[in-house]
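# Quick one: sequence plus predicted model below, questions after.
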Amino acid sequence: MAGIAAAAAADSCGYRVTLLEARRELGGRASSFEDPESDQLLDNCQHVLLGCCTNLRDLYKRLNVADRIEYHRRVHFLDSHGRRFDLWGVSGLPAPLHLGPAMLGFSALTLPERKQVITAMLAMLRMGKTGREKLEGQGFGQWLTEHRQSDRVIQRFYDPVLISALNEETRRAGSKYAIQVFQDAMLMNQHGYVVGLPGCALEELYSHRPCADVRLGTRVSEIMFAGGQATGVTLQTGETLNADAIILATNYHAVQRWIPEALRTTDGRFAHLDKLESVPILGAHLWFDKPVMRLSHAALFDGPLQWLFRKDAEGKILHGVISAAREWAEKPREKCAELFQKQIQQLFPDSSARLLRQKIVIEKRATFSPLPGSDAWRPAQAPPPGGIENLFLAGDYTNTNWPATMEGAVRSGYLAADAVTRKFAAPGGREKDKTFLIPDLPTQWPARLLEQ
Ligand SMILES: Cc1cc2nc3c(=O)[nH]c(=O)nc-3n(C[C@H](O)[C@H](O)[C@H](O)COP(=O)(O)OP(=O)(O)OC[C@H]3O[C@@H](n4cnc5c(N)ncnc54)[C@H](O)[C@@H]3O)c2cc1C
């Protein structure tokens, strides 16, 4: 997504862009694969976006696929017996009032528990965006304790939202990013919380190319340098390509090996990448003999699966997700399937459906963890003074002020394209101040009034 975004942005202002992708399809971690058994294109994992993902939505517009995203204004939650609770926004009411009626009536929590949550939400509103920045080094567990949020409230409210949004345990995540999820998605703008699900396989979202020269199945084996600058790349085939600037948009595990040690010491962007911690995500494709779930999606209060998505019209094909899935990485797939089937039988006791087949995909290095203090390890897209001046970085791990998400990746791509544009702009030209970055949704007046 970072590479696609950078290519689309740079292409739009007249650069001659070549996008090199090692795989046979675009999309990286947010892509699909062909499943020979079902003859279907399956996503490596369900990908969800929210209304507050302004840059991702902009990229989908650039790629002409904005209409392939289906938006849901009711967010469904299920307890372990399949009892349903919804959060929804009153259309026309500005944030945070829009969620007020749903929050007051959210009977998954007792009345005192709802009061607890509302008190915490008001604290998040009062601190505004500057307040959350100050909490960058603090764990969200500490914040929850200080704001007297009980274990049951954490399990029934914070966990279903945060574990999937941050790919980290609620208490372990950094306060800055945990609070950002609530501020941006629920509290600041009435459109922030709306859940977007692609209505097609992820791969189909990239059929419109971001630039004319896209080379799939083309693996870069080396970046060439001369006089401290990047001059081009060598492909695995031995072919070389020269370039005035390179945006390196692989994930952070791959980055270090591209850069010679001598250059790494003068360019601080590469100094701390090994401090970022990778966290797995499990995605389970489940085929049943009868319809199981009518809802398009549901967040689950009790595990092991944390979210379920319906993948066909009838509800016979489901996709389940476990984020922060450290303990699942080595579990035998049959054991996983047994546990998931049991959970689904409990959730939908009337369906009496039998699991016909499962395909479980575990991405061991799905995203980096937004631990407290992790911003210090995330590199900027643009080189520092004395760094490799025509080598730019993009990727969800770079410093975007967002957790590792598609939105974060797209922001990083736009920021990298901004930096390229700044470097090559004519002195005093308008391009110097150009930014591709789309601003956050505006903070609406009731939220602004509450901010201190
Ligand atoms: C299982 C899972 C579930 C997720 N769920 C969500 C979700 O619901 N919502 C959400 O917003 N985000 C989700 N994410 C996170 C999201 O997918 C990532 O944050 C985002 O896709 C990262 O994009 P990227 O461009 O930074 O990196 P990547 O997608 O890793 O892209 C790097 C690209 O570089 C290519 N590459 C590597 N080496 C070479 C080479 N030598 N030559 C050429 N090309 C090379 C790779 O093939 C890849 O395409 C999920 C991630 C995973 C793994």
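That came through, no problem. Residues are numbered from 1 along each chain as shown.

# Please make it C-alpha for all contacts and neighbour counts, starting now.
Will do.

# Which residue ranges of the stretch 51-200 of the chain form strands?
69-72, 74-78, 84-88, 195-198 (DSSP state E, counting those that start in this stretch).

# let me redo that: the stretch 251-400 of the chain
Using DSSP E, counting those that start in this stretch, the strands of the stretch 251-400 of the chain run over 278-288, 297-300, 307-310, 317-322, 355-368, 391-393.

# quick one: which of the strands of the stretch 51-200 of the chain is nearest E451?
Distance to E451, taken as Cα to Cα, is lowest for strand 84-88 among the strands of the stretch 51-200 of the chain, at 23.1 Å.

# quick revisit: now tabulate the strands of the stretch 51-200 of the chain in a markdown table and tack on mean neighbour count.
Below are the strands of the stretch 51-200 of the chain laid out as a markdown table (neighbours: other Cα atoms under 10 Å):
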| stretch | mean neighbour count |
| --- | --- |
| strand 69-72 | 16 |
| strand 74-78 | 19 |
| strand 84-88 | 18 |
| strand 195-198 | 20 |
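
# Need those strands in CSV (columns: mean pLDDT and distance to F301).
Below are the strands of the stretch 51-200 of the chain laid out as CSV (pLDDT from 0 to 100; distance: least, Cα to Cα, whole Å):
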stretch, mean pLDDT, distance to F301
strand 69-72, 98, 19
strand 74-78, 98, 6
strand 84-88, 98, 10
strand 195-198, 98, 18
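
# now the strands of the stretch 251-400 of the chain as JSON lines including mean pLDDT and distance to I246?
Formatted as JSON lines, those follow (pLDDT from 0 to 100; distance: least, Cα to Cα, whole Å):
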{"stretch": "strand 278-288", "mean pLDDT": "97", "distance to I246": "25"}
{"stretch": "strand 297-300", "mean pLDDT": "98", "distance to I246": "40"}
{"stretch": "strand 307-310", "mean pLDDT": "98", "distance to I246": "38"}
{"stretch": "strand 317-322", "mean pLDDT": "98", "distance to I246": "35"}
{"stretch": "strand 355-368", "mean pLDDT": "96", "distance to I246": "23"}
{"stretch": "strand 391-393", "mean pLDDT": "98", "distance to I246": "5"}
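
# which one of the ones you listed lies closest to the ligand?
Smallest distance to the ligand across those (Cα to the nearest ligand atom): 3.6 Å, for strand 355-368.

# Give me the sheet partners of the closest one and which way each runs.
strand 278-288 (antiparallel) (DSSP bridges).

# is the partner strand anywhere near the ligand?
Yes - judged by Cα under 6 Å from any ligand atom, strand 278-288 and the ligand are in contact via I281.

# quick one, that strand and strand 317-322 angle?
Interaxial angle of strand 278-288 relative to strand 317-322 (axes from the mean of the first three to the mean of the last three Cα atoms, to 10 degrees): 160 degrees.

# Can you pull out the residues in contact with strand 278-288?
44-46, 167-168, 316-326, 328-329, 353-369 (Cα atoms under 8 Å, 6 or more residues apart in numbering).

# and it, C-alpha only, in CSV?
Extracted in CSV, the C-alpha atoms of strand 278-288 (Å, rounded to 0.1, in the frame of the first residue of the first chain):
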residue,chain,number,x,y,z
SER,A,278,6.7,-7.9,15.2
VAL,A,279,3.3,-9.3,16.2
PRO,A,280,1.4,-12.1,14.3
ILE,A,281,-2.2,-12.1,13.1
LEU,A,282,-4.3,-15.2,12.4
GLY,A,283,-6.9,-15.3,9.7
ALA,A,284,-9.2,-18.3,9.4
HIS,A,285,-11.2,-19.0,6.2
LEU,A,286,-14.1,-21.3,7.2
TRP,A,287,-16.5,-23.1,4.9
PHE,A,288,-19.7,-24.6,6.4
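
# need the strands of the stretch 251-400 of the chain in JSON lines with mean neighbour count and distance to A404, can you?
Converted to JSON lines, the strands of the stretch 251-400 of the chain look like this (neighbours: other Cα atoms under 10 Å; distance: least, Cα to Cα, whole Å):
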{"stretch": "strand 278-288", "mean neighbour count": "22", "distance to A404": "11"}
{"stretch": "strand 297-300", "mean neighbour count": "24", "distance to A404": "20"}
{"stretch": "strand 307-310", "mean neighbour count": "23", "distance to A404": "18"}
{"stretch": "strand 317-322", "mean neighbour count": "23", "distance to A404": "16"}
{"stretch": "strand 355-368", "mean neighbour count": "18", "distance to A404": "6"}
{"stretch": "strand 391-393", "mean neighbour count": "24", "distance to A404": "15"}
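
# Kindly reformat the ones you listed as TSV containing distance to S80.
Formatted as TSV, the strands of the stretch 251-400 of the chain follow (distance: least, Cα to Cα, whole Å):
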stretch	distance to S80
strand 278-288	18
strand 297-300	7
strand 307-310	12
strand 317-322	14
strand 355-368	19
strand 391-393	43
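
# quick one, which of those strands is nearest to R114?
Nearest to R114, of those and by Cα to Cα, is strand 297-300 at 18.0 Å.

# wait, isn't T234 in contact with T240?
Yes - using Cα atoms under 8 Å, T234 is in contact with T240, at 4.4 Å.

# Any chance of CSV for the strands of the stretch 51-200 of the chain, columns distance to the ligand?
Converted to CSV, those look like this (distance: least, Cα to the nearest ligand atom, whole Å):
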stretch, distance to the ligand
strand 69-72, 13
strand 74-78, 14
strand 84-88, 19
strand 195-198, 9
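
# Kindly reformat those strands as a markdown table containing distance to A245.
Output for the strands of the stretch 51-200 of the chain, formatted as a markdown table (distance: least, Cα to Cα, whole Å):
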| stretch | distance to A245 |
| --- | --- |
| strand 69-72 | 33 |
| strand 74-78 | 43 |
| strand 84-88 | 46 |
| strand 195-198 | 33 |
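
# nearest to A120, of those strands?
Using Cα to Cα, the nearest of the strands of the stretch 51-200 of the chain to A120 is strand 84-88, at 17.1 Å.

# Using CSV, list the CA coordinates for that closest one.
Output in CSV follows, covering the C-alpha atoms of strand 84-88 (Å, rounded to 0.1, in the frame of the first residue of the first chain):
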residue,chain,number,x,y,z
ARG,A,84,-26.1,-9.1,19.8
PHE,A,85,-25.3,-5.5,20.9
ASP,A,86,-24.8,-2.7,18.4
LEU,A,87,-23.0,0.7,18.3
TRP,A,88,-24.4,3.1,15.8
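
# any idea how far it is from the chain center?
23 Å (Cα atoms, centre = their mean, to the nearest Å).

# residues in contact with that strand?
Strand 84-88 is contacted from outside by R73, R74, V75, H76, F77, L78, L99, A102, M103, F106, S107, A108, using Cα under 8 Å, 6+ apart.
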